[in-house]
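Chemist: Quick one, fold the following:
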Amino acid sequence: MIEATDYRSAMSLLTGAVNVVTTTGVSGRHGFTASAVCSITDTPPTLLVCMNKSARSHPHFIANKILTVNVLGVHHQPISSAFSSPINSEERFQYGDWTELKTGAPVLADALVSFDCQIEQIQEVGTHTIFICPIVAIGQSEYAQGLVYFNRAYHHVGLATAA
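Modeler: Below you'll find the predicted structure:
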């Protein structure tokens with residue numbers, strides 16, 4: 001049997017894009033930092049988003065049934081840290097400039113890309129919930145450098161552009 005600590009250590013070597021996943025609705029405005037996001041298919045455009053069931057905002061995503069995946073650029077590291085910290089939801093949204101697309105879920109105005117989604121299916125696996133999310137709108141910025149998480153630290157990827 002593989003120990004959880006060995007698994008987490010091995011997974012720290014799997015580079016992941018850093019995202020802030022947000023929701024709003026009857027249950028309020030909430031968000032969390034996530035690296036467990038991936039494409040499922042382009043027909044129809046659909047994402048998979050994983051969330052720890054013990055996260056404070058977990059029941060709010062279930063209740064609201066919408067989410068936006070905001071893919072972070074290098075300049076968003078403080079936002080990523082805020083959305084993974086113990087501060088409350090209202091304080092988290094004081095970081096960044098927020099707007100919305102079709103569903104009304106919070107969209108980070110200068111995210112590399114934002115995928116606005118409905119939550120269509122929910123599957124529980126161990127400690128996490130998997131959301132299957134058809135994309136209903138996409139917003140994109142002009143930034144060229146992304147923020148990734150590797151070996152328990154933030155790193156930058158992409159080409160720096162002249163200012």
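
Chemist: Might one say that Ile122 is in contact with Ala63?
Modeler: No - contact between Ile122 and Ala63 fails when scored by C-beta atoms under 8 Å: they sit 11.4 Å apart. C-beta coordinates here come from the backbone N, C-alpha and C atoms, glycine included.

Chemist: Buried ones in stretch 14-31, by neighbour count?
Modeler: Residues of stretch 14-31 classed as buried by neighbour count (16 or more other C-beta atoms under 10 Å): 17-25, 29-31.

Chemist: I misspoke; the intended subject was stretch 120-128.
Modeler: The neighbour-count check on stretch 120-128 (16+ other C-beta under 10 Å) flags His128 as buried.

Chemist: residues in contact with Val113?
Modeler: For Val113, the contacting residues are 71, 138-141, by C-beta atoms under 8 Å, 6 or more residues apart in numbering.

Chemist: coming back round to it: ok, of the buried residues of stretch 14-31, which one's closest to Ser54?
Modeler: Closest to Ser54 out of these is His30 (14.4 Å), distances taken as C-beta to C-beta.

Chemist: Stretch 94-111 spans what distance, first to last residue?
Modeler: The straight-line separation of the ends of stretch 94-111 (C-alpha to C-alpha, to the nearest Å) is 15 Å.

Chemist: nope, stretch 119-130 is what I was after
Modeler: 10 Å.

Chemist: Please work out the average pLDDT along that stretch.
Modeler: Predicted confidence along stretch 119-130 averages 97 (mean pLDDT).

Chemist: buried residues in the longest strand seen in the chain?
Modeler: In the chain, ranked by residue count with DSSP state E as the criterion, the top strand is strand 128-140. Buried positions in strand 128-140, judged by neighbour count with 16+ other C-beta under 10 Å: 128-129, 131-136, 139.

Chemist: Who are the packing partners of the helix or strand just after that strand?
Modeler: The helix or strand immediately downstream of strand 128-140 is strand 145-150, counting by DSSP states H and E. If you count contacts as 3 or more C-beta pairs under 8 Å, 6 or more residues apart in numbering; DSSP states H and E, strand 145-150 packs onto strand 16-17, strand 153-158.
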